[in-house]
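Peer 1: next input, structure requested:
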Amino acid sequence: MKYTFLPNTNLKVSKVCLGTMTFGEQNSESDAHAQLDYATEQGVNFIDTAEMYPIASREATLGETERYIGTWLKKTGKRENLVVATKIAGPNRGMGYIRNPLDFSKKNIDEAVNLSLKNLQTDYIDLYQMHWPERVMNMFGQRGVSKIDPQWQENFFEVLTVYDGLIKEGKIKHIGVSNENPYGVMKFISESYNHNLPRIVTIQNPFSLLNRLYEVGLSEIGMRENIGLLAYSPLAFSFLTGKHLNGIQPTSRLGLFPQFTRYSSENCVKATKLYQEIAESNGLSLTQMALAFVNQQDFVTATIVGATSTEQLQENIAAFEVTLSPEIIMEINKIQEVFPNPAP
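Peer 2: The predicted model follows:
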């Protein structure tokens with residue numbers, strides 16, 4: 001296992017981050033514990049979750065993922081050896097059962113942090129992230145911003161002030177954003193500089209062979225400002241395993257939750273077939289090539305991988321031992337030119 005540091009921190013993290021959003025929906029508590037056991041045995045010390053998990057989010061299972069991780073942490077006593085990240089849900093997603101209103105007010109952030117601490121059975125959270133922005137913008141399958149959200153009032157300073165208090169209390173160590181745009185990232189950075197407030201250290205955005213939009217604008221900011229990308233959906237909801245090329249598998253996440261359509265367009269299918277040909281011609285599985293490609297990007301701090309079985313997790317973690325040659329990267333980039341970012 002290879003390790004790095006979360007930017008501007010002393011937190012050493014594995015390049016593989018265990019994603020957990022299936023815990024509580026597609027995975028039972030015993031499944032979740034088995035995955036956590038295996039991942040940590042392989043050297044993974046970085047775990048990512050969220051208050052709204054599992055996916056697909058619903059009131060009946062809200063918080064189950066954090067609770068499964070919490071029971072495992074209590075059982076194993078491994079908390080001090082791990083970097084645990086979680087997220088606060090933002091508005092605009094029809095999830096008033098979490099809190100109402102769903103915003104980043106001091107009251108709501110305090111409530112969310114305290115509940116996550118309780119669920120995770122821990123005294124502190126290493127990395128606390130805003131799951132998506134308060135403002136309506138392009139995220140979760142939307143490519144661009146053509147209109148400005150007239151309801152939202154800028155509050156970057158106020159939000160950072162709340163986090164400053166929580167860091168001083170010892171409840172959280174560092175903060176990050178997720179599903180953000182260059183505008184939001186730079187506003188958070190400037191407010192931190194101007195007012196000596198906590199600095200975001202990571203951004204958790206999608207990045208894969210089917211979605212390289214992070215490279216447009218955000219990658220330069222990340223590298224120049226030393227903000228690490230935690231790349232999620234590197235296998236595009238398992239589309240980049242190749243198993244859906246002849247139709248969506250009914251027991252898969254895409255089969256169980258057909259509302260997740262961002263990776264199943266016609267162009268995604270066409271591009272995936274071409275990527276599979278590159279992988280096979282070089283003696284690799286598509287899974288290996290897809291994960292190795294993400295891992296090799298300079299702006300990626302860690303890649304978030306999840307699975308619905310320990311067998312899948314084994315294959316995913318093993319893929320990080322693969323290094324792609326410059327020739328393979330060139331072939332990949334040719335496909336990107338023909339089908340640029342088919343999954344928004």
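
Peer 1: what segments of the stretch 201-344 of the chain are strands?
Peer 2: With DSSP state E, counting those that start in this stretch as the criterion, the stretch 201-344 of the chain has strands at 228-232, 300-305.

Peer 1: identify the residues contacting the shortest one?
Peer 2: This means strand 228-232. Identification of contacts with strand 228-232 by Cβ atoms under 8 Å, 6 or more residues apart in numbering yields 4, 6-7, 17, 19, 48, 85, 176, 201-208, 214, 218-219, 222, 294, 297, 299-304. (Each C-beta comes from the backbone N, C-alpha and C, glycine too.)

Peer 1: paired strands for it, with orientation please.
Peer 2: Paired neighbours of strand 228-232 in the sheet (DSSP bridges): strand 200-206 (parallel), strand 300-305 (parallel).

Peer 1: of all those, which one is nearest residue 64?
Peer 2: Nearest to residue 64 among the strands paired with strand 228-232 is strand 300-305 (18.7 Å), distances taken as Cβ to Cβ.

Peer 1: dump the closest one to PDB, restricted to CA.
Peer 2: Provided in PDB are the C-alpha atoms of strand 300-305 (Å, rounded to 0.1, in the frame of the first residue of the first chain):
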ATOM      1  CA  VAL A 300      -5.300  12.900  -7.000                       C
ATOM      2  CA  THR A 301      -4.500  12.500  -3.300                       C
ATOM      3  CA  ALA A 302      -6.600   9.300  -2.800                       C
ATOM      4  CA  THR A 303      -9.100   7.300  -4.800                       C
ATOM      5  CA  ILE A 304     -12.300   6.200  -3.200                       C
ATOM      6  CA  VAL A 305     -13.200   2.600  -3.900                       C
END
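
Peer 1: can you list contacts of it?
Peer 2: With contacts defined as Cβ under 8 Å, 6+ apart, strand 300-305 is touched by 4, 6-7, 13-19, 46, 48, 202, 204, 207, 228-235, 291, 294-295, 313, 316-317, 320.

Peer 1: try stretch 306-323
Peer 2: Outside stretch 306-323, the residues touching it (Cβ under 8 Å, 6+ apart) are 1-2, 15-16, 18-22, 26-27, 31, 34-35, 38-39, 42, 44, 235, 253, 284-285, 287-292, 295-296, 303, 305.

Peer 1: hmm, which of those residues are the buried ones?
Peer 2: With burial judged by 16 or more other Cβ atoms under 10 Å, the buried subset of the contacts of stretch 306-323 is 15-16, 18-22, 26-27, 31, 34-35, 38-39, 42, 44, 235, 253, 284-285, 287-292, 295, 303, 305.

Peer 1: returning to that earlier point: Throw together a PyMOL command that grabs the buried residues out of the contacts of strand 300-305.
Peer 2: PyMOL command restricting these to the buried ones, with burial defined by 16+ other Cβ under 10 Å:
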select buried, resi 6+7+13+14+15+16+17+18+19+46+48+202+204+207+228+229+230+231+232+233+234+235+291+294+295+313+316+317+320
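
Peer 1: contacts only, for residue 227.
Peer 2: With Cβ under 8 Å, 6+ apart, residue 227 has these contacts: 7, 185, 189, 200-203, 221.

Peer 1: OK, contacts around the closest residue to residue 213 other than its chain neighbours?
Peer 2: Spatial nearest neighbour of residue 213, chain neighbours left out: residue 341 (5.3 Å); criterion: Cβ to Cβ, 6 or more residues apart in numbering. Neighbouring residues of residue 341 by Cβ under 8 Å, 6+ apart: 210-213.

Peer 1: by neighbours, which of these wins?
Peer 2: Using other Cβ atoms under 10 Å as the neighbour criterion, residue 210 leads these with 28 neighbours.

Peer 1: mind checking how far that one is from residue 180?
Peer 2: For residue 210, the distance to residue 180 (Cβ to Cβ, to the nearest Å) stands at 20 Å.

Peer 1: and if you look at residue 13?
Peer 2: Taking Cβ to Cβ, one finds residue 13 at 20 Å from residue 180.

Peer 1: do residue 48 as well
Peer 2: From residue 48 across to residue 180, the span is 16 Å (Cβ to Cβ).

Peer 1: cool, and residue 53?
Peer 2: From residue 53 to residue 180 the distance is 19 Å (Cβ to Cβ).

Peer 1: who has more neighbours out of these two?
Peer 2: Neighbour comparison, residue 53 and residue 180: the larger count goes to residue 53, with 28 against 24 (by other Cβ under 10 Å).

Peer 1: for the more buried one, give me its contacts.
Peer 2: Here residue 53 is in contact with 20-21, 23-24, 63-66 (criterion: Cβ under 8 Å, 6+ apart).

Peer 1: closest one of the residues you listed to residue 335?
Peer 2: Closest to residue 335, out of all of the contacts of residue 53 and judged by Cβ to Cβ, is residue 21, at 27.9 Å.

Peer 1: element containing that closest one?
Peer 2: Using DSSP states H and E, residue 21 sits within no helix or strand.

Peer 1: helix/strand/coil for residue 100?
Peer 2: Using DSSP: H, G, I helix; E, B strand; the rest coil, the three-state assignment for residue 100 comes out as coil.

Peer 1: and it, how many neighbours does it have?
Peer 2: Neighbours of residue 100 under the rule other Cβ under 10 Å: 10.

Peer 1: switch the strands of the stretch 201-344 of the chain over to a markdown table; also include mean pLDDT and distance to residue 99.
Peer 2: Shown next, in a markdown table, are these (pLDDT from 0 to 100; distance: least, Cβ to Cβ, whole Å):
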| stretch | mean pLDDT | distance to residue 99 |
| --- | --- | --- |
| strand 228-232 | 98 | 23 |
| strand 300-305 | 98 | 25 |
